[in-house]
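Peer 1: Provided below are the primary sequence and the corresponding predicted coordinates.
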Amino acid sequence: MLHLRYYPFELAFEYPFTISKGTKTHQPTLVVALGLGSLTGFGEAPAISYYNVTVQGMIDALEAKRGVIERYALMDPQRFWHFLHHLLPGNEFLIAALDIAGWDLFAKMRRKPLHQLLGLKWENLPITDYTIGLDTAETMIEKLKAHPWPLYKIKLGRADDIDLLRALRQHTEAPFRVDANEGWTFDEAKQLLPELVKLGVNMVEQPLSRKENEAMKELKAFSPLPLFADESCVTEEDVKACADGFHGINIKLTKCGGITPALRMEQEARKLGLKVMMGSMNESTVGSAAIAHLMPILDEVDVDGPLLLKEDIAEGLTYENGKVNVSQYTGLGVGFKGVKFEKNQFRN
């Protein structure tokens with residue numbers, strides 16, 4: 001039998017984190033643990049308010065299905081995901097945490113790091129960006145100076161976007177990618193895109209609302225920059241619909257339901273000629289390690305969650321000038337920072 005545990009956390013950001021949808025100083029998140037004998041697999045699902053996902057809601061769903069989950073015989077992580085998909089319909093965030101924990105546990109059972117279990121060679125890896133959240137120009141410049149990095153993601157979505165970028169460009173030659181989080185109108189995007197090229201931007205995430213499919217098709221035809229879907233590409237059913245309006249997709253493990261559907265999304269995107277990026281939802285090292293192990297199949301990656309936190313709960317990833325490395329331990333290869341984790345209340 002599986003042994004299910006869970007650990008809720010409030011992870012403080014180094015700086016208040018602002019996007020076009022709001023500001024937060026802490027990231028609530030739920031780490032789940034699936035034990036089998038002496039082995040334990042871990043997964044993580046951050047709670048995101050604009051997706052109506054809360055830590056307590058995930059805990060309630062776990063407790064309601066605890067007995068069924070613990071009786072599951074884990075023989076194949078992909079079958080485990082299908083079991084969870086039917087057991088917890090519409091609860092992709094929680095399914096993602098359990099799916100990641102299932103893969104971590106299964107890789108440990110096979111005594112392999114996750115990327116090796118998946119048959120991925122540790123080569124041709126993209127570098128990760130460092131995200132600069134929306135703020136005053138002065139504060140954004142301070143963040144940039146405090147964190148020298150070879151690639152930045154700049155959160156945008158306000159009337160003064162172009163002025164912000166111009167101010168930031170004076171302090172670094174590193175390329176920018178910008179993420180509007182649905183914050184622009186079509187006319188604003190069309191006006192901004194040529195200017196972004198001049199400021200060293202190399203891609204744009206989700207410029208328009210996910211509802212504006214027709215406008216995105218027109219914008220793609222006009223755009224001098226690659227456009228990547230984020231909010232428009234939540235689950236695998238969305239991939240095909242993004243082909244006409246975007247050059248690539250940004251897969252979020254948390255939103256799509258974990259590693260299992262993410263692998264299928266990557267394959268579908270390749271068939272449609274789309275580039276593939278994977279992004280974080282401000283996960284700790286636990287959830288970020290799951291993203292990092294998939295880097296060999298990605299064109300771009302945004303796995304800077306641990307870099308944005310004031311205090312992490314685990315270790316197992318190393319960052320050096322944009323390069324991300326996983327440990328060579330089995331599974332995700334993460335280990336918890338004892339005092340922070342062990343003193344946290346959990347339920348058996």
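Peer 2: On my side now, so go ahead. Numbers count the residues shown, from 1 in each chain.

Peer 1: how about the closest residue to Trp184 other than its chain neighbours, what does it touch?
Peer 2: Excluding the flanking residues, the one nearest Trp184 by Cβ to Cβ, 6 or more residues apart in numbering is Pro207, at 4.9 Å. Yep, even glycine has a C-beta here, placed from its N, CA and C like the rest. Pro207 makes contacts with 180, 182-184, 189, 193, 216, 219, 227, as judged by Cβ atoms under 8 Å, 6 or more residues apart in numbering.

Peer 1: change it to 6 Å
Peer 2: 180, 184, 189 (Cβ atoms under 6 Å, 6 or more residues apart in numbering).

Peer 1: looking at these, spot the one nearest Gly200.
Peer 2: Ranked by distance to Gly200 (Cβ to Cβ), the contacts of Pro207 are led by Ala180 at 16.9 Å.

Peer 1: and the gap between Leu98 and Leu88?
Peer 2: Noted for Leu98: a distance of 8 Å to Leu88, by Cβ to Cβ, to the nearest Å.

Peer 1: compare these two (neighbour count), which wins?
Peer 2: Using other Cβ atoms under 10 Å as the criterion, Leu98 and Leu88 rank with Leu98 on top: 31 against 21.

Peer 1: tell me which stretches of the stretch 101-250 of the chain form helices.
Peer 2: In the stretch 101-250 of the chain, the segments counted as helices under DSSP state H, counting those that start in this stretch are 114-117, 137-146, 161-169, 186-198, 213-222, 239-242.

Peer 1: any idea how far Gly245 is from the residue nearest to Trp184?
Peer 2: 10 Å.

Peer 1: what do you get for His85?
Peer 2: 27 Å.

Peer 1: and Val178, by the same measure?
Peer 2: Per Cβ to Cβ, Val178 is found 17 Å from Gly245.

Peer 1: list of residues touching the one helix or strand Gln267 maps to?
Peer 2: Element membership of Gln267 [criterion: DSSP states H and E] is helix 259-271. Contacts with helix 259-271, where a contact means Cβ under 6 Å, 6+ apart, come from 78, 81, 99-100, 103, 236, 239, 249, 251, 253, 256, 276, 297.

Peer 1: and stretch 180-198, by the same measure?
Peer 2: 19-21, 156-157, 162, 206-207, 209, 215, 219, 223-225, 231.

Peer 1: ok, now which ones touch Asn325?
Peer 2: Thr318.

Peer 1: and it, what element?
Peer 2: strand 323-326.

Peer 1: does Met147 touch Asp129 like I think?
Peer 2: Actually, residue 147 is His. It isn't Met. No. Using Cβ atoms under 6 Å, His147 makes no contact with Asp129, being 10.8 Å away.

Peer 1: now do the buried residues in stretch 178-189.
Peer 2: 178-184, 186, 188-189 (16 or more other Cβ atoms under 10 Å).

Peer 1: likewise stretch 48-63?
Peer 2: Neighbour count says stretch 48-63 has 48, 53, 55, 58-59, 61-62 buried, by 16+ other Cβ under 10 Å.

Peer 1: report the rounded mean pLDDT for it.
Peer 2: Throughout stretch 48-63, pLDDT has a mean value of 96.

Peer 1: okay, now it: how far is its last residue from its first?
Peer 2: 20 Å (Cα to Cα, to the nearest Å).

Peer 1: residue contacts, the closest residue to Leu294 other than its chain neighbours?
Peer 2: Using Cβ to Cβ, 6+ apart and skipping residues adjacent in sequence, the residue nearest Leu294 is Met278, 6.1 Å away. Residues in contact with Met278 (Cβ under 6 Å, 6+ apart) are 251, 291, 298, 301.

Peer 1: what's the neighbour count on the last one?
Peer 2: So that's Val301. Neighbours of Val301 (other Cβ under 10 Å): 23.

Peer 1: need the next SSE after the helix or strand containing it, C-terminal direction.
Peer 2: Take DSSP H and E as the rule and Val301 turns out to sit in strand 300-302. Next helix or strand after strand 300-302 toward the C-terminus (DSSP H and E): helix 305-308.

Peer 1: so which elements touch the longest strand along the chain?
Peer 2: Once the chain is assigned using DSSP state E, the strand that runs over the most residues is strand 3-19. Contacts defined by 3 or more Cβ pairs under 6 Å, 6 or more residues apart in numbering; DSSP states H and E place strand 3-19 against strand 22-36, helix 55-70.
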